[in-house]
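> Below is the sequence, then the predicted model.
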Amino acid sequence: MKKLISLISSLLCMAYSTSMSAQDCTNPTQVCAETVQSGLLSDPNAVVFDCFDAQYTSFFYFTTNTNATNTGNVTVSISNIDCFVGLLSDTLEIIVVEVDPAGDPCDVISYSSVSGCASDTLDFAIETDDLNANSDYVILVGTDHDPALSSCMFDIAIAGAAVDINACCDQEISLGQSASITAIGGNDMPGYAWTPTSYLDTNIGETVVSIPEETIDYTVVGYVGGCEVTDVVTIVVGPPVGIPNTITPNGDEINDLWKIAGISSFPQAQITIFDRWGQVVFKDIGYATPWDGTNKGKFLPTAAYYYVIELNSLDIEIPPITGSITIIH
């Protein structure tokens, strides 16, 4: 039993030391959007480049998305800094650089800066310039804190348009209409997956089509440089048609007709209008010609009338719409 406990303790220590080891220039640690990565400064690794000057340096990298028309920038955030000497914490500093693909990642000659420098003993952040699409960038995190005095740990995170995918677009449609939504910026493989699957023609692909029966949020999952990232698009579903509640058929060509907005999208729609005694005064299928307030060619008197509109959509089931329409002379 003692041997087993000893073995487990050794494995746990190895796993911890591996996850918290300093990030070397030959093998920088990847940072993904929507995640937080732990960092450790422990081994001497002096780097002097541009405004950056540190005796101990850790190296991280991130990959930008494939949206070549508008990649954008990235914000790098440092938090939970733990480099204490007594009651005071030593300073951390960061810079973001692009490394020449043909160069040595450990040689500053290969670097070109894409940000200024920032430093602090507390949480802080830095913002890059607009970045190139589908490219790798390196983040240098450094300190002059001597790890022999105490450990120096921190958390690092990235966010911004350059490392996100984009779902487009939020939109408002009428019940019975379709909405096309698209994701851009991710890698071709493994592609995009949309949830929930409700009302979608497919839940896999760059572009999907929804005919929703209610307002709905779709979340799309994609990948940027192997990092899983998400975005959300909202489809607001409004009434299938716009129905006025009055008409004034007096021949002035203003509000003379009962014009139902959007009814042309439902060519099989049946509109029936009743008087207060339940007698049918108008009935039509397709509603190609708006009602003018007449029954058999004669104008109806000022009063409230009642309608039933059956849209008969071929795509979704829409309950009959009922209400009243008032004729005012």
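It's in. Just so it is clear, the model here is predicted, and its values are computed rather than measured. Numbers count the residues shown, from 1 in each chain.
> my guess is residue 48 contacts residue 108, does it?
Yes - counting by CB atoms under 8 Å, residue 108 is a contact partner of residue 48 at 7.2 Å. Every residue, glycine included, has its C-beta placed from N, CA and C.
> More neighbours: which of those two?
Remark: of residue 48 and residue 108, residue 108 carries more neighbours, 17 against 12, as counted by other CB atoms under 10 Å.
> what number of residues lie near the closest residue in space to the more buried one that isn't next to it in sequence?
Leaving aside its sequence neighbours, residue 108 sits nearest to residue 49 (CB to CB, 6 or more residues apart in numbering; 4.3 Å). By other CB under 10 Å, the residues close to residue 49 number 18.
> beta partners of residue 49?
Beta-bridge pairing for residue 49 (DSSP bridges): residue 52.
> pLDDT value on residue 233, please?
Residue 233 carries a pLDDT value of 97.
> burial of residue 56, as a residue count?
Neighbours of residue 56 using other CB under 10 Å come to 24.
> actually residue 131, not the one I typed
Using other CB under 10 Å, the number of residues around residue 131 comes to 23.
> was I right about it contacting residue 76?
No - using CB under 8 Å, residue 131 makes no contact with residue 76, being 11.8 Å away.
> The residue nearest to residue 45 when sequence neighbours are not counted and residue 63: what is the separation?
Closest residue to residue 45 apart from its sequence neighbours, by CB to CB, 6+ apart: residue 57 at 4.5 Å. Distance, residue 57 to residue 63, using CB to CB, to the nearest Å: 21 Å.
> Ok, residue 162 next?
9 Å.
> again, but for residue 89
Residue 89 is 31 Å from residue 63, where distance means CB to CB.
> for the nearest residue to residue 117 once chain neighbours are set aside, what are its contacts?
Leaving aside its chain neighbours, residue 117 sits nearest to residue 51 (3.8 Å; criterion: CB to CB, 6+ apart). By CB atoms under 8 Å, 6 or more residues apart in numbering, the residues touching residue 51 are 95, 116-117.
> Okay, and which of those residues map to strands?
Mapping those onto strands (DSSP state E) picks out residue 95.
> Of the contacts of residue 51, which is the most crowded?
Counting neighbours by other CB under 10 Å, the top entry in the contacts of residue 51 is residue 95, with 27 neighbours.
> wouldn't it be in contact with residue 119 here?
No - using CB under 8 Å as the test, residue 95 is too far from residue 119 to be in contact (9.7 Å).
> pretty sure residue 28 contacts residue 105?
Yes - Residue 28 is within contact range of residue 105, at 7.4 Å (criterion: CB under 8 Å).
> Quick check: neighbours shared by those two?
With CB under 8 Å, 6+ apart, residue 28 and residue 105 have common neighbours 59, 138.
> Tell me who's in contact with residue 241.
174, 260-263, 266, 309, 311, 321.
> Buried only: go through those for me.
260, 262-263, 266, 309, 311, 321 (16 or more other CB atoms under 10 Å).
> Mind picking the one among these that's closest to residue 236?
The nearest member of these to residue 236, counting by CB to CB, is residue 262 at 15.0 Å.
> Can you tell me the closest non-neighbouring residue to the closest one?
With sequence-adjacent residues excluded and distances taken as CB to CB, 6+ apart, residue 262 is closest to residue 241, at 4.3 Å.
> What pLDDT is listed against the one you found?
If you check residue 241, the pLDDT there is 92.
> what do you get for residue 147?
The predicted local confidence for residue 147 is 81.
> Likewise for residue 7?
We have a pLDDT of 33 for residue 7.
> Now for residue 43, how many residues are close by?
Residues lying near residue 43 (other CB under 10 Å) number 12.
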